[in-house]
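A.B. asks: Sequence and computational prediction follow.
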Amino acid sequence: MSQLFELTPLPYAFDAVEPAIDALTMEIHHDKHHATYIANLNKALESQPQLHGKSIEELLSDLNAIPEVVRLAVRNNGGGHANHTLYWEILTPGGAKAPAGELEKAIRSVFGTLDEFTGQFSNAGLTRFGSGWAWLVMDAGKKLKVYSTANQDSPLSQGDIPLLGMDVWEHAYYLKYQNRRAEYIKAFMSVVNWDFIAHNYDKAM
Ligand SMILES: [Fe+2]
C-alpha cells in the first residue's frame, strides 16, 4: 500500500524557537507525537479505500461520511495530523510579532483591542481541562471566534477554519514548564508568526 499521509520534516531547526519552546520538546513533539498520529491515521484508513486520496481537510470537514468503525480514529488521529501541521507553520521563525493589516482590523472589530484578544485566546488554552487546543477561527459567516476544543478535535469538523491553534497538551510543554501551562502560553504567544496567520486569514476570506 502506498503511504496515505506522510510526516514532512520540520522546515526549521528544533532549537529555532528557543528559549520559548525548547529543542527537545520540539523534536519529540514532531518526530514522535505527530508521527504517531499519522501512523495511526494511515492504519485506520487502510481498510477504507474509498477514502484514499481525500485531503485531511476533506476527511475532517465531514466526519459523518467516515464509516463508524474508523470514525473516532480518524477524528483523533486525523485531527492530530492537521492540528500539528498547522502548529509547526505557526511557529515558523521570523515574521511579524503582532497582527497587522486586515487581520488586525478584524481582531479589533471583534475583540476591541489586541490585548483583549490575547487575553481571551490565552484563557481558552488555560481553562481547557485536560488535553486540547485553543483556537482563533473564522466561522462560516466569516467572523473571527476564539474557543478551545478537547483532545485533537479540529475546528474543521464544526465548519470553522482554524487560523491560529495552540496545543495545550502536556506533551507540548511539560519538559520545560512542567505544570506551568500559563508560562508556556505566554512563551508560545511570543513566537507566533503573525505573517502566517494573516496569510491564513486572507485565504479564508
Ligand atoms: Fe501536540
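C.D. replies: In hand now; what should we look at?
A.B. asks: Near Pro49, how many other residues are there?
C.D. replies: 9 (other Cβ atoms under 10 Å). (Each C-beta comes from the backbone N, C-alpha and C, glycine too.)
A.B. asks: same question, Asp15
C.D. replies: When counting by other Cβ under 10 Å, one arrives at 13 neighbours for Asp15.
A.B. asks: That one reaches Ile21, doesn't it?
C.D. replies: No. Asp15 is beyond contact range of Ile21, at 9.3 Å (criterion: Cβ atoms under 8 Å).
A.B. asks: Go ahead and name everything in contact with stretch 67-82.
C.D. replies: 5, 33-34, 36-38, 40-41, 43-45, 47-48, 56-57, 59-60, 63, 66, 151-154, 156-157 (Cβ atoms under 8 Å, 6 or more residues apart in numbering).
A.B. asks: Actually, stretch 114-123.
C.D. replies: 98-99, 104, 107-108, 110-111, 134, 136, 146, 164, 166, 182, 185-186, 189.
A.B. asks: ok, and the most crowded of the residues you listed?
C.D. replies: Neighbour-wise, those (other Cβ under 10 Å) top out at Leu136, 28 neighbours.
A.B. asks: got the contact list for it?
C.D. replies: So Leu136 contacts 117, 121, 144-146, 162-165, 197 (Cβ under 8 Å, 6+ apart).
A.B. asks: all strands of this protein, in order?
C.D. replies: Ranges of strands within the chain are 132-138, 144-150, 161-167, based on DSSP state E.
A.B. asks: ok, Ser148 touching Val137?
C.D. replies: No. Taking contacts as Cβ under 8 Å, Ser148 lies outside contact range of Val137: 10.8 Å.
A.B. asks: Among these two, which residue is more densely surrounded?
C.D. replies: More crowded of Ser148 and Val137, by other Cβ under 10 Å: Val137, with 23 against 20.
A.B. asks: Closest residue of this structure to the ion?
C.D. replies: In the chain, the residue found nearest to the ion is Asp167; the distance is 4.1 Å by Cβ to the ion.
A.B. asks: residue contacts, that residue?
C.D. replies: Here Asp167 is in contact with 29, 83-84, 87, 133 (criterion: Cβ under 8 Å, 6+ apart).
A.B. asks: Contact residues of the chain facing the ion?
C.D. replies: Residues of the chain lying close to the ion (Cβ under 5 Å from the ion) are 167, 169, 172.
A.B. asks: would you list those residues in JSON lines and tack on pLDDT?
C.D. replies: Shown next, in JSON lines, are the residues of the chain next to the ion (pLDDT from 0 to 100):
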{"residue": "Asp167", "pLDDT": "98"}
{"residue": "Trp169", "pLDDT": "98"}
{"residue": "Ala172", "pLDDT": "98"}
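A.B. asks: can you pull the pLDDT of Gln3?
C.D. replies: For Gln3, the model assigns a pLDDT of 69.
A.B. asks: So for stretch 180-192, mean pLDDT?
C.D. replies: On average, the pLDDT along stretch 180-192 is 98.
A.B. asks: meant to ask about stretch 82-90, not that
C.D. replies: Here stretch 82-90 scores 98 as its mean pLDDT.
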